[in-house]
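Could you work out the structure for the sequence below:
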Amino acid sequence: MRPEERERLREEARRWSEWLTRWFPDYRRTRRKVTLSPEAPEGIRTFWDEVGYGSAMKPFVASPVEVAGQRRVRSVLARWRRQHEPGAGVAGALPARFRLVEELEGGFRITDESGGGDDAPVMDVSESASEPMLFSPSYLYVVSNALLRVTLATWEHARITFSPDEGPRPFPVLQPNLVRLDEELLAWSDDESPSSSANQVAFRSFRSLIHCMRTLDGRTLRSCQRPPGQVLACTGLSSLSAVLPTLRHFELPDSRFGDHWVGDVAGLPMWLSRDRARSSDDFEVGVEPEERERAITWLAARGARVLQAPPPC
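Model (predicted):
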């Protein structure tokens, strides 16, 4: 790793630590400095030097300390041998150097650090297979993505494949597919590959999500399963003909909900979608949970009828 690359990663890992401090409350309380072996890939060592490790991380990411993880792997393999599991034979196929990444039901993930480099691929090891299988090309991506999921657990999420042409990448080394759309509005991916497109949007405020959607070129949105928020199934889209032109319209040709309108009507942020599988007058509307009753009243006043509504949050 060139000095400038190492310093760039170190600075990013510092900012990652600040992110965890803000959104992962137990991180600061439990974090401790860790010491990795001299043979550890430089990028992995640099990351953990800055981030540290603590018990709050244990349910999501295994300790990066090699000895602890290797001891745990040997224990699992010994159990598989006693139980005559096919995976017991993987012992002879393990990389010469590895660290435990995550324990799974019926298996575990480890790095393969036998090839050199500053990062390492992550391999899946299963009790039912005699050879490790590639899970991800990047350990740094896998562990930072696992921690990202933890920090976003209290945010709201919309499952959208999101491919913005440009946007600030707050962590281009660790999470190259993470895009900051607003202060508390992120497009991100839970896919195992760092080269994947963002497949969902995390947001703290429904209003900020709607504001963002109004500014986007429709081509940046590739799919949306249904509107986010408190979703009401309705009929009477034609009764909103005077309102629809004031909202931002975009189409998703590959989605069942192909026609979408987003915007703010009389201070009420909303996301309307037409269900192509049903009557052309049927639609769904997503609103902020706190605005549920107000939205129902607004729809009724304009001649639309709510067919189904989830219970209040």
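
going forward, measure contacts between C-alpha atoms and count neighbours the same way
Fine.

Please name the bridge partners of Leu134.
Each beta-bridge partner of Leu134 is listed here: Met123, as defined by DSSP bridges.

Does it touch Pro121 like I think?
Yes. Taking C-alpha atoms under 8 Å as the definition, Leu134 is a contact partner of Pro121 at 7.3 Å.

if you count what's nearby, which of the two comes out ahead?
Taking neighbours as other C-alpha atoms under 10 Å, Leu134 and Pro121 compare with Pro121 leading, 20 against 15.

Enumerate every residue touching that one.
Pro121 makes contact with 111-113, 134-139, according to C-alpha atoms under 8 Å, 6 or more residues apart in numbering.

Now, those that are in strands?
Taking DSSP state E, the ones among the contacts of Pro121 that sit in strands are 111, 134-136.

Skipping its backbone neighbours, what lies nearest Gly263 in space?
Nearest non-adjacent residue to Gly263, counting by C-alpha to C-alpha, 6 or more residues apart in numbering: Leu247, 4.9 Å away.

quick one on the thing from earlier: now for the contacts of Pro121, which pair is the farthest apart?
Taking C-alpha to C-alpha as the measure, those span a maximum distance of 14.1 Å, between Glu113 and Phe135.

number of nearby residues for Leu252?
As a burial measure, Leu252 scores 17 neighbours (other C-alpha under 10 Å).

Numbering from 194 from now on, please.
Let's use 194 as the start, then, which means that last one is Leu445.

okay, and for the stretch 394-506 of the chain, where does confidence drop off?
410-413, 446-450, 506 (pLDDT under 70).

what's across from Trp381 in the sheet?
When bridges are called by DSSP bridges, Trp381 pairs up with Gln393.

mind listing what it touches?
By C-alpha under 8 Å, 6+ apart, the contact set of Trp381 is 370-372, 390-395.

Export these to JSON lines and append columns for distance to Arg267 and neighbour count.
Formatted as JSON lines, the contacts of Trp381 follow (distance: C-alpha to C-alpha, whole Å; neighbours: other C-alpha atoms under 10 Å):
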{"residue": "Asn370", "distance to Arg267": "35", "neighbour count": "25"}
{"residue": "Leu371", "distance to Arg267": "36", "neighbour count": "24"}
{"residue": "Val372", "distance to Arg267": "39", "neighbour count": "24"}
{"residue": "Ser390", "distance to Arg267": "36", "neighbour count": "19"}
{"residue": "Ala391", "distance to Arg267": "36", "neighbour count": "23"}
{"residue": "Asn392", "distance to Arg267": "36", "neighbour count": "21"}
{"residue": "Gln393", "distance to Arg267": "37", "neighbour count": "19"}
{"residue": "Val394", "distance to Arg267": "39", "neighbour count": "24"}
{"residue": "Ala395", "distance to Arg267": "38", "neighbour count": "23"}
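
returning to that earlier point: tell me, what's touching Leu327 and Pro314 both at once?
Between them, Leu327 and Pro314 share no contacting residue, judged by C-alpha under 8 Å, 6+ apart.
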